[in-house]
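>>> Quick one, fold the following:
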Amino acid sequence: MPPIVTMGAMLTCSFGLAPASLVVTPEGRVTGGPVPAATIMDNIPMKNVMPFGMCSSASNPTVAAATAAALGVLTPMPCIPVLPAPWQPGSATVSYGGKPTLTSNCQLQCAYGGAITISNPGQTTVQAA
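Below you'll find the predicted structure:
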């Protein structure tokens, strides 16, 4: 099973220019060690998923407007993710509060076309030799 994702995991977006950190709020949570573990429902923009710096997706209305104003030269604008669905696929075997846990192989789709992935799950497993 892929690692379970916890508070502070690092996220990247295919159209974002900077990584972002996952925020797991304490409502009805258990911990995955010393920090709260995430579920597939931790997908709320500006609460769980922070901006990725600047967005370069032409599907983003602010990027499209700035690009048009710059006579067609792609002009990145601030990223505010629009996330219409939960993380997919989630764990098939582990759940917290009746919700599948978020694992490192999950993805989140932004309405502007970006694929958000987990570059660091926030925890690692150390095996003794």
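>>> burial of residue 59, as a residue count?
14 (other C-beta atoms under 10 Å). Every C-beta, even on glycine, is put in place using the N, C-alpha and C of the backbone.
>>> Surely it is in contact with residue 113?
Yes - Residue 59 is within contact range of residue 113, at 4.7 Å (criterion: C-beta atoms under 8 Å).
>>> In this structure, what residue spans correspond to strands?
Secondary structure of the chain (DSSP state E): strands at 10-13, 20-21, 54-55, 77-78, 95-96, 99-100, 107-109, 115-120.
>>> just for this protein, where's the confidence low?
28-33, 124-129 (pLDDT under 70).
>>> all helices for it, in order.
61-69 (DSSP state H).
>>> list the contacts for residue 19?
Each residue near residue 19 by C-beta atoms under 8 Å, 6 or more residues apart in numbering is listed here: 10, 11, 12, 52, 119.
>>> and the residues you listed, which are buried?
With burial judged by 16 or more other C-beta atoms under 10 Å, the buried subset of the contacts of residue 19 is 11, 12, 52.
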